[in-house]
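Student: Okay, here's the prediction I keep looking at, along with the sequence it came from:
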Protein chains: 2
Amino acid sequence: VTTVLRVIKLTVAYDGTPFVGWQRQENGVSIQQLLEEALEPVEGGPVTVVGAGRTDAGVHALGQVASARLTRAIDPATLGRALNARLPADIRVLHIADADSDFNARFAARAKTYRYRILNAPVQSPFERHYAWHVPQPLDRDAMRAAAAPLAGTHDFAAFQAAGSPVATTERTVFSIECRDAECSNPSFLSASSRPLLEIDVRGDGFLRHMVRNIAGTLVEVGLGRRAAGSMAEVLASRDRSAAGATAPAHGLFLVEVEY
Amino acid sequence: VTTVLRVIKLTVAYDGTPFVGWQRQENGVSIQQLLEEALEPVEGGPVTVVGAGRTDAGVHALGQVASARLTRAIDPATLGRALNARLPADIRVLHIADADSDFNARFAARAKTYRYRILNAPVQSPFERHYAWHVPQPLDRDAMRAAAAPLAGTHDFAAFQAAGSPVATTERTVFSIECRDAECSNPSFLSASSRPLLEIDVRGDGFLRHMVRNIAGTLVEVGLGRRAAGSMAEVLASRDRSAAGATAPAHGLFLVEVEY
């Protein structure tokens, strides 16, 4: 019997609302666990799934990428259907491809894009309550855009890292950060603006724990006039978590895309 | 003591997923019941809420309009906050206004717009599973648009009415029907198309039971090539429910707007 070792690359979308996050944990159901459990009957044994981004509890993914090593050869389309048949509807495998034998979804990632969504309207939409942070007070979006601009580039992002995270270096490169006005599925009566949603897209080579949520929380403080738009260079230079703003809630965050 | 009789007009959005529908029923929780229960402590007695559209179980609303008669005078903004504090997060009062003493949200409505949403991509999105009908096979959208056009105008829509519905007349006027390609929150890898969503907007003076869902179900049969694009005039003329297509599922339907 010839054993075919093959590595697969899975593109996965999930609604993070009911999960403890990407990574296996003792205290609840994770996306990694469900994917591994869905792969095991196909493989006929234990499988380890490696995700590009270890999203926290409540964080969503439009295009998480994961890798896994299998010994059984199976057609990717058939495998995709088998996995989606086993997975709950809040996790969908969108695409499966063969990958090089040394492919690791986490270490091979060259860029990731995260999106933080804010619904800026007097009343929260029932359709956004798990997918956007509700900020009812008016936000100065121009001030937020001006504050965001200096974050692009290679910086020490220690001020935006969750306290107590053990990492070798806190230097990261943000390739781009964009604050976009977006339409909401609800008509304009939700807000004086017909674009009550604000989406902050951050593309970078890597992200520290809570980095995007801490950036979003700090930018909202700028938008509310509680912090100067010109203060971000100073916050970066401080390397001090307490110099930045509060952590924005998990449910507004999406892992949009991983590039290799 | 002077009793102030006043009529209020409420604009309400709701995620219909967990409810038995707009109207009070024995077998579960309705939106009407929750609104009435939220108003009662303010009024200090029973309140009847009249909705413009009696949406079915699982059907959503972006802009349902309801009326209620109160004896207590209360500031609309204060009342809105009080109601939203009592209602579950899947129902939100977006706006409250004073209305004429004879205003009835159901009988005064001049036009309503319903939207039927279809996700046409190989895999359903976790974020659309309660908000769009998943049709994985490719749809011929031009054929669907051609089929929809003759439905505009004043017709006897008996063929598109749920069997056994007791109404005085099955004649209705559809002011417009539009099949629009729409973007999905998921990036384009969900589908070959970057606009995997199809939204069917129908604006009319009134709607028979299941009328929009039966129109959507029939148009999808056209899109799948199972029914000729030119057959709709014949279906209308038949006045026969069995001549039209299957009823599209409730969770793709939204009451978008009510005009007075």
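Tutor: In hand now; what should we look at? Numbering: from 1, shown residues only, chains lettered A, B, ... in the order given.

Student: need the contact list for the closest residue to A:Ala182 other than its chain neighbours.
Tutor: Leaving out its chain neighbours, the residue that sits closest to A:Ala182 by CB to CB, 6 or more residues apart in numbering or on different chains is A:Leu197, at 4.0 Å. (C-beta placed from N, C-alpha, C; glycine too.) For A:Leu197, the residues meeting the contact criterion (CB atoms under 8 Å, 6 or more residues apart in numbering or on different chains) are A:117-120, A:128, A:132, A:181-184.

Student: would CSV of the residues you listed with neighbour count be doable?
Tutor: CSV is the format used below for those (neighbours: other CB atoms under 10 Å in any protein chain shown):
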residue, neighbour count
A:Arg117, 23
A:Ile118, 26
A:Leu119, 25
A:Asn120, 24
A:Glu128, 22
A:Ala132, 27
A:Asp181, 13
A:Ala182, 15
A:Glu183, 13
A:Cys184, 22
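
Student: Okay, now the unreliable bits of chain A?
Tutor: By pLDDT under 70, the low-scoring segments of chain A are A:1-4, A:184-194.

Student: tell me which residues of stretch A:138-151 are tucked away?
Tutor: For stretch A:138-151, a neighbour-count test (16 or more other CB atoms under 10 Å in any protein chain shown) marks A:139, A:141, A:143-148, A:150-151 as buried.

Student: What are the contacting residues of it?
Tutor: Outside of stretch A:138-151, the residues within contact range by CB under 8 Å, 6+ apart are A:118, A:120, A:174, A:177-179, A:181, A:198, A:200, A:202, A:215, A:218-220, A:222-225, A:227, A:229-233, A:236.

Student: Buried ones among these?
Tutor: Neighbour counting over those (16+ other CB under 10 Å) leaves A:118, A:120, A:174, A:177, A:179, A:198, A:200, A:202, A:215, A:218-220, A:222-224, A:227, A:229, A:231-232, A:236 as the buried ones.

Student: Just these: which are in strands?
Tutor: For the buried ones among the contacts of stretch A:138-151, membership in strands holds for A:118, A:174, A:177, A:179, A:198, A:200, A:202, with DSSP state E as the criterion.

Student: Make sure the fourth one is actually in contact with A:Arg195.
Tutor: No. In this structure, A:Cys179 sits apart from A:Arg195 without contact. The criterion is CB atoms under 8 Å, and the distance is 11.8 Å.

Student: ok, so what distance separates the nearest residue to A:Phe175 once chain neighbours are set aside from chain B?
Tutor: Distances taken as CB to CB, 6+ apart put A:Arg203 closest to A:Phe175, at 4.7 Å, once the chain neighbours are dropped. Here A:Arg203 is placed at a distance of 13 Å from chain B (CB to the nearest CB, to the nearest Å).

Student: Any idea what A:Arg203 is bridged to?
Tutor: A:Thr113, A:Ser176 (DSSP bridges).

Student: Roughly how far does A:Gly53 sit from chain B?
Tutor: 15 Å.

Student: Need the CA coordinates for stretch A:136-147. PDB is fine.
Tutor: As requested, C-alpha coordinates have been extracted for stretch A:136-147 and formatted as PDB (Å, rounded to 0.1, in the frame of the first residue of the first chain):
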ATOM      1  CA  PRO A 136     -24.400  55.900  18.400                       C
ATOM      2  CA  GLN A 137     -22.600  59.300  18.800                       C
ATOM      3  CA  PRO A 138     -21.500  61.100  15.600                       C
ATOM      4  CA  LEU A 139     -18.000  60.300  14.500                       C
ATOM      5  CA  ASP A 140     -15.700  62.700  12.800                       C
ATOM      6  CA  ARG A 141     -14.600  60.400  10.000                       C
ATOM      7  CA  ASP A 142     -12.100  62.800   8.500                       C
ATOM      8  CA  ALA A 143     -10.300  63.100  11.800                       C
ATOM      9  CA  MET A 144     -10.200  59.200  12.000                       C
ATOM     10  CA  ARG A 145      -8.800  59.000   8.500                       C
ATOM     11  CA  ALA A 146      -6.100  61.600   9.400                       C
ATOM     12  CA  ALA A 147      -5.200  59.700  12.600                       C
END
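
Student: Chain B contacts on chain A?
Tutor: Residues of chain A lying close to chain B by CB under 8 Å from any CB of the partner chain are A:11, A:13-15, A:60, A:62-63, A:80, A:84, A:89-95, A:123-127, A:129, A:131, A:185-187, A:189-190, A:256-257.

Student: Any chance of a PyMOL selection covering the buried ones in those residues?
Tutor: In PyMOL, a selection of the buried entries from the residues of chain A next to chain B looks like this (16+ other CB under 10 Å):
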select buried, chain A and resi 11+13+14+15+60+62+63+80+84+90+91+92+93+94+95+123+124+125+126+127+129+131+185+186+187+189+190+256+257
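
Student: A:Val47 is in contact with A:Ser67, correct?
Tutor: No. The pair A:Ser67 / A:Val47 is not scored as a contact, 10.7 Å apart, by CB under 8 Å.

Student: between those two, who's got more neighbours?
Tutor: For A:Ser67 and A:Val47, the more surrounded residue by other CB atoms under 10 Å in any protein chain shown is A:Ser67, and the numbers stand at 22 against 19.

Student: Verify the assumption that that one is located in a helix.
Tutor: No. In this structure, A:Ser67 is strand, not part of a helix, as judged by DSSP: H, G, I helix; E, B strand; the rest coil.

Student: Residue in the stretch 101-250 of chain A with the shortest distance to chain B?
Tutor: Residue nearest to chain B within the stretch 101-250 of chain A (CB to the nearest CB): A:Pro126, separated by 4.3 Å.

Student: quick one, phi/psi of that residue?
Tutor: A:Pro126 has phi and psi values of phi -60, psi -20 when expressed as degrees, to the nearest 10.

Student: Not counting sequence-adjacent ones, nearest residue to it?
Tutor: The shortest distance from A:Pro126 to any residue that is not its chain neighbour, by CB to CB, 6+ apart, is 4.3 Å, and that residue is B:Asp15.

Student: Wait, the one you found touches B:Asp90, no?
Tutor: Yes. Using CB under 8 Å, B:Asp15 and B:Asp90 qualify as a contacting pair, with a distance of 4.2 Å.

Student: Common neighbours of these two, please.
Tutor: A:Pro126.

Student: For A:Leu5, give me its contacts.
Tutor: Contact partners of A:Leu5, counting by CB under 8 Å, 6+ apart, are A:69-71, A:101.

Student: Return a ChimeraX selection command for the buried portion of those.
Tutor: What follows is the ChimeraX syntax selecting those of these that are buried according to 16+ other CB under 10 Å:
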select /A:69,70
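
Student: quick one: which of the contacts of A:Leu5 sit in strands?
Tutor: With strands identified by DSSP E, the entries of these that belong to them are A:69-70.

Student: closest to B:Ala244 among the contacts of A:Leu5?
Tutor: Ranking the contacts of A:Leu5 by separation from B:Ala244, with CB to CB as the measure, puts A:Leu70 on top at 47.4 Å.

Student: Tell me the bridge partners for the closest one.
Tutor: Beta-bridge pairing for A:Leu70 (DSSP bridges): A:Arg6.

Student: likewise A:Ala99?
Tutor: Residues in beta-bridge contact with A:Ala99 (DSSP bridges): A:Val7.

Student: Distance of A:Phe127 relative to B:Leu119?
Tutor: Noted for A:Phe127: a distance of 15 Å to B:Leu119, by CB to CB, to the nearest Å.
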